[in-house]
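# coordinates for the following, if possible.
(chains A and B)
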Amino acid sequence: MIQAILVFNNHGKPRLVRFYQRFPEEIQQQIVRETFHLVLKRDDNICNFLEGGSLIGGSDYKLIYRHYATLYFVFCVDSSESELGILDLIQVFVETLDKCFENVCELDLIFHMDKVHYILQEVVMGGMVLETNMNEIVAQIEAQNRLEKSEGGLSAAPARAVSAVKNINLPEMPRNINIGDLSIKVPNLSQFV
Amino acid sequence: MALKMVKGSIDRMFDKNLQDLVRGIRNHKEEEAKYISQCIDEIKQELKQDNIAVKANAVCKLTYLQMLGYDISWAAFNIIEVMSASKFTFKRIGYLAASQCFHEGTDVIMLTTNQIRKDLSSPSQYDTGVALTGLSCFVTPDLARDLANDIMTLMSHTKPYIRKKAVLIMYKVFLKYPESLRPAFPRLKEKLEDPDPGVQSAAVNVICELARRNPKNYLSLAPLFFKLMTSSTNNWVLIKIIKLFGALTPLEPRLGKKLIEPLTNLIHSTSAMSLLYECVNTVIAVLISLSSGMPNHSASIQLCVQKLRILIEDSDQNLKYLGLLAMSKILRTHPKSVQAHKDLVLQCLDDKDESIRLRALDLLYGMVSKKNLMEIVKKLMTHVDKAEGTTYRDELLTKIIDICSQSNYQHITNFEWYISILVELTRLEGTRHGHLIAAQMLDVAIRVKAIRKFAVSQMSVLLDSTHLVASSTQRNGICEVLYAAAWICGEFSEHLQEPHQTLEAMLQPKVTTLPGHIQAVYVQNVVKLYASILQQKEQDSDAEAAQELTQLMVERLPQFVQSADLEVQERASCILQLVKHIQKLQAKDVPVAEEVCALFAGELNPVAPKAQKKVPVPEGLDLDAWINEPLSDSESEDEMPKAIFHDEEQRHAKQQPPKADEEELARRREARKQEQANNPFYIKSSPSPQKRYQDAPGVEHIPVVQIDLSVPLKVPGLPTSEQYVKLEEERRHRQRLEKDRRKKKRKEKKGKTRRHSSLHTESDEDIAPAQQVDIVTEEMPENALPSDEDDKDPNDPYRALDIDLDKPLADSEKLPVQKHRNAETSKSPEKEDIPVIEKKSKKPKKKEKKHKEKDRERRKEKERKGEDLDFWLSTTPPPPAAAPAASMEGPTVSTVVTAPAEEREEPKRQEQDEEEEEEEERDSEKKPSKHKKKKHKKEKEERPKDKKKSKKKPPADDEVAEPLENGALHEPLPPMSSYSLLAENTYVKMTYDIQGSLQKDSQVTVFIVLENLSSSFLKSMELNVLDSLNTKLARPEGSSVHDGVPVPFQLPPGISNEAQFVFTIQSIIMAQKLKGTLSFIAKNDEGSTHEKLDFKLHFSCTSYLITTPCYSDAFAKLLESGDLSMSSIKVDGINMSFQNLLTKICFHHHFSVVERVDSCASLYSRSIQGHHVCLLVKKGEKSVSVDGKCSDATLLSNLLEEMKATLATC
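Residues are numbered from 1 along each chain as shown, chains lettered A, B, ... in the order given. Modelled structure (predicted):
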């Protein structure tokens, strides 16, 4: 089981917080903070597993994380999950984000937290891995987006227009904080079907 | 309308959307909190709007704020509103918010049930999907119960997208509502072979999660999973299955044998590291579960270790980490194979990655030997010095102690070295493990006698050192070692070189800054030290010095008397008074030393940690009984419970009055010696070397210790452990030379010409310890109880899921289906009420119906299942020899034995309340299913009455009415059993019960409990009856009427089990008796005899009745109809309360109460052939009259006769 999925940036700002076990908000924030401090002091070239998460679950739980450019993706899992499998799942998740947002960068996650959640929901459900096939995930997301668009119709048009106007100045924001380097792969790990 | 909507959204289009909110927060970095509180106010406004789009937008923003740590539970109701929007866009927003903030404590969550149900059955798969996803995050026991059936239906949805989500969420449903597991499991199992790989993977996922917690219930799925493993190409699925097998193999060694080959093939063939790693892991689990001894296993181990070495040597840190992790698993069972890779592990200790270092540390534990311990610890000590973070350093510290102390200091050859290591460790600042070091010091000093002198010298140095005292601020900090140091110096003070100096050190004013418990030990040990110095001075007849010493004590002790710590204060004041007294005596020139020393005479032995717990309670001793009657309140309040077994306070026991006269002391000592000599558990046989108050010093010396003179006993100052390493090397070298010399001599003698190479292959055994180590084992009380029961966590949420899944489903095990609930008006049995009441009342009926048919099937099925697995497992290529053959027998034998053991208790069990039984049912998996059913049925039989009573009233009155009916009038009922004695002899006792079912109008089942009373093993039991025209035993097809029916089990001594026999009956209006015989073979040590037991089986008319509920209006109609014949009886001399009387009639005669007014009640029952039986029971002063109406007069009169017999006993 996956206990929590956290995404935060190099400064510990949460970008996605998904707990599969109830914690009050302040504890959630504390967990994010402490997890951030745990992974922050680790070099990029040391192993991606962390034990002794005193915060969630205890000794059966591990933190498995990946660091992409400005973002940390941290999964807290118990011993029923394969460590390397989860590493690969993070990769699948990030690549899916990349496909759905077309060259994903931190800004996409900042401004579209809801969409990131929807994508995650197609990968992990209630703490269990739902789908690992990226094409399938992307297909489902796109189908839902189409459904949303078709529902929007007339009444959504003005809002979309306003939103487009508001976003005109968006490109001024740095888009160079690309998550980048998606090619990091676990060596010799064949892609899951 | 559309126009209005557009207008509405134009009005609102300048509302902030999520992006605006995020942008706003980013632009207000300085005053983020203020800005957000502003936004929340806006959101509250937006939530008040009618427009759902506005609400959804607001909820979406709230979800973002939730991520930032804001509590949004106040908006729970609005979230539900958005969830129920018709548009997917909004629905999705609502469900996302709900999944982030709803939990079991959210009160409005119960409002969602119908909305979720609607969404689950929505024609749009994405509506369904989004509801499933949301529900998976906030499912509660209520939601699980109400929606389980809907979700189960979705498991067979046409869209794989829905199927896989439905399958996954079932796990959450099981967790919250364990009753759903059995009904849903068959379908879940089906999904393992779903054509869609995603659904298949989900099913594997769920079953693996389930099996991980309660593996034994899933053993029967092994063949299916094996098939999947060999056919699947999905790595996720493979990994899950292989992990599952890892959990199953410990339960079934044969499975492991079967797995080894395909797993080894996978290891060789796969290129995916994740898969390879999991295979290796499972192979390790298999190897652990198989007792070693099979020759081909070493090959598998070699393969694993080899592969792991490749992982560890890989440049990828992740693989390195995992390799070490798996290696540590092998280490537990096959340490030799891992030890070969010591180089690699030591290398990993230098890794820059802390995770890897920690893993390597774990491995070290199993790698040490006498030979390399010093070397490894030396290496670790250098790491301790280098370690930057305290966590890692503390980890190192505990590891060093673990490694050294493992298996009773097995690997330590030189305890001086170990003490000096411990002393070196005390230099660590800021560690949290001071108490660990202290415990080790105490343990070693107490248990290794030879080291005491050295230990004392080191400890006195510690007491002198200032940095320890200074560090007293931290709890559990390094100052804890002073606790040990003080105690050791005091207890073994005769070894002190300069006791006076140590005494001074212990009395320094700085000591008062130490934590209370340490000061307390100081105070206590100061006296011990004082006593020993006093003795010395008196022997030297240095009265002046002795008085000076006493003066010192009198001067310094008050600082402890002032302590805020109660313990310290108390001890100090006692001792101060004692010392003052001594001072007075000294002034009169009275020698006191001997008597002061007597305070601390005798030796302390180490006591095993669990010793106290294991002291058996002597027979006849009731620990709960009052010794004296409890005192009046005021007095008993003052008396606090005394902590008799508190750590250090054992000493109190030894504090004999100092003035006790010498003879008395000598006598007691003698007695104690005697006692110790006779006590086999008292380990010290050699007289204790210390504190022999009577034997003057010099008479008895330190025990015979072979001290290697090459090792100086005292290294001046604080020795470094490194010196020891060098010394040890030298010593070993000398030993080797010695040995070589001896060997050479021998060889020369034998005249062998072969030269011995100078290459030394040194094995552990060659290294003789430097000291004759006498490790005192810990004491245990006499008759210590052997077992420690595992205390399992009763709150484990997964325990509820420990449910037998092989058992076929009973009809009652259905997921609740929601029906329309109408306000229940009092009695009408019309349609609307039926579902609710039927649901409950039907249970027993249905069960009974299925019962008979299924009994046999069930048993067969169970056997078949067992056989299936056995068959599948037994196809393992080489049928293993002796031991595995035994294990093959294992499962079958154990079911036979465990099942009856459970059953033997059955009669008692029936009285237990229902919760307990339910719990037990969950707990006991191997129990034969029919047994459970029966119990269930019985308790149901007792219950309907209660249930209906409460049903008849409007639900609101329920709680008030119940205590009135059940409580006020209710007296404790005597235990009831429907089983009656059939026959009994010295071998076997038979009790039986007869039950019919509404569905089979000419059949009853006879349940016979056979209890083996003898010490023989009963087998080949066969039951036969002489059929009558009316009643016949149902025999297996093809057998003649004279053949018996075999009893499907055997009975070991003292065991009971239940067999069932079906009888066909034509007419039920008369009671019947059938003669029968049970024949069996009794086998004991002397041989086996053929025995038989005759019995008469009594089919009473009651046994044809089935408890059937009836409503008062239907009952009235029935009575009015006039087709019933009537009869009545009256029984006098009844003292039982009416309530109990009714219960008894209902229980024994299978009736249910229709209505009850005061001491008058109408009862109803039905026969298996559909006769209605109505009773009116009236209770007078001392009598009971029963008027009956029944569709058959003969039946009625027979029934009433039987009832009369029952009532007569009341």
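# how about low-confidence regions in chain A?
A:52-58, A:153-193 (pLDDT under 70).
# what do you get for the stretch 1-150 of chain B?
Counting by pLDDT under 70, the ranges of the stretch 1-150 of chain B that qualify are B:1-14.
# residue of it nearest chain A, please.
Closest residue of the stretch 1-150 of chain B to chain A, CB to the nearest CB: B:S136 (2.9 Å). C-betas here are computed from N, CA, C, even on glycine.
# ok, that residue touching A:M125?
Yes. Using CB atoms under 8 Å, B:S136 is in contact with A:M125, at 5.2 Å.
# so who does B:L120 touch?
Neighbour list for B:L120: B:128, B:131-132, B:147, B:150-151, B:154 [criterion: CB atoms under 8 Å, 6 or more residues apart in numbering or on different chains].
# tell me the contacts of residue 62?
By default, I'm working from chain A. Contacts for A:K62 were tallied using CB under 8 Å, 6+ apart; they are A:49-51, A:53, A:76-79, A:83.
# wrong chain, I was asking about chain B
Contact partners of B:L62, counting by CB under 8 Å, 6+ apart, are B:43, B:70, B:72, B:75, B:79, B:97.
# repeat the analysis, applying 7 Å as the threshold.
Taking CB atoms under 7 Å, 6 or more residues apart in numbering or on different chains as the criterion, B:L62 is in contact with B:43, B:72, B:75, B:97.
# returning to that earlier point: looking at the contacts of B:L120, which has the most residues close by?
In terms of neighbour count, B:A131 stands highest of those at 30 neighbours, by other CB atoms under 10 Å in any protein chain shown.
# re earlier: among the contacts of B:L62, which are in helices?
Using DSSP state H, the members of those that fall within helices are B:43, B:97.
# mind picking the two most distant members of the contacts of B:L62?
B:I43 and B:A97 (11.7 Å; CB to CB).
# so which of those two has more stuff around it?
Using other CB under 10 Å as the criterion, B:I43 and B:A97 rank with B:A97 on top: 30 against 25.
# ok, that one touching B:N78?
No. Using CB atoms under 7 Å, B:A97 makes no contact with B:N78, being 8.8 Å away.
# common neighbours of these two, please.
In contact with both B:A97 and B:N78: B:V59, using CB under 7 Å, 6+ apart.
# returning to that earlier point: near chain A, which of the contacts of B:L62 show up?
Among these, no residue sits close to chain A (CB under 7 Å from any CB of the partner chain).
# can I get the contacts of B:L62 in JSON lines including distance to B:G477?
Below are the contacts of B:L62 laid out as JSON lines (distance: CB to CB, whole Å):
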{"residue": "B:I43", "distance to B:G477": "50"}
{"residue": "B:I72", "distance to B:G477": "43"}
{"residue": "B:A75", "distance to B:G477": "48"}
{"residue": "B:A97", "distance to B:G477": "48"}
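# is B:I80 in a helix, a strand, or coil?
helix (DSSP: H, G, I helix; E, B strand; the rest coil).
# hmm, who's touching the helix or strand in which B:F77 is found?
For B:F77, the host element (DSSP states H and E) is helix B:76-83. For helix B:76-83, the surrounding residues in contact (CB under 7 Å, 6+ apart) are B:47, B:52, B:55-56, B:59, B:90-91, B:93-95, B:97-98, B:102, B:106, B:108, B:111-112, B:115.
# which parts of that helix are buried?
For helix B:76-83, the neighbour count (16 or more other CB atoms under 10 Å in any protein chain shown) marks B:76, B:78-83 as buried.
# could you do stretch B:1058-1073 as well?
Quick answer for stretch B:1058-1073 (16+ other CB under 10 Å): B:1058-1063, B:1065, B:1068-1069, B:1071-1072.
# care to break chain B down by domain?
Using the TED database, the domains assigned to chain B come out as B:1-101, B:216-294, B:409-599, B:980-1099, B:1105-1208.
# residue contacts, the closest residue to the residue of the stretch 1-150 of chain B closest to chain A other than its chain neighbours?
Leaving aside its chain neighbours, B:S136 sits nearest to A:G126 (2.9 Å; criterion: CB to CB, 6 or more residues apart in numbering or on different chains). Contacts of A:G126 were listed using CB under 7 Å, 6+ apart, and they are A:20, B:136-137, B:168-169, B:172.
# would you reformat the residues you listed as JSON lines and include secondary structure?
Rendered in JSON lines, the data for those read as follows (three-state DSSP):
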{"residue": "A:Y20", "secondary structure": "coil"}
{"residue": "B:S136", "secondary structure": "helix"}
{"residue": "B:C137", "secondary structure": "helix"}
{"residue": "B:L168", "secondary structure": "helix"}
{"residue": "B:I169", "secondary structure": "helix"}
{"residue": "B:K172", "secondary structure": "helix"}
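# which of the residues you listed lies closest to B:K16?
Each of the contacts of A:G126 was scored against B:K16 by CB to CB, and B:C137 proved nearest at 26.4 Å.
# once you drop chain neighbours, what's closest to that closest one?
That would be B:S99: by CB to CB, 6+ apart, it lies 3.7 Å from B:C137.
# thought A:E51 was touching A:L38, still the case?
No. In this structure A:L38 lies outside contact range of A:E51 using CB under 7 Å: 10.1 Å.
# the more surrounded of the two?
Neighbour count, other CB under 10 Å: between A:L38 and A:E51, A:L38 has more, with 17 against 14.
# let me see the contact set for that one.
Applying CB under 7 Å, 6+ apart, we find A:L38 in contact with A:50, A:63.
# so which helix or strand takes in it?
helix A:25-40.
# now do B:L981
With elements taken from DSSP H and E, the one containing B:L981 is strand B:980-984.
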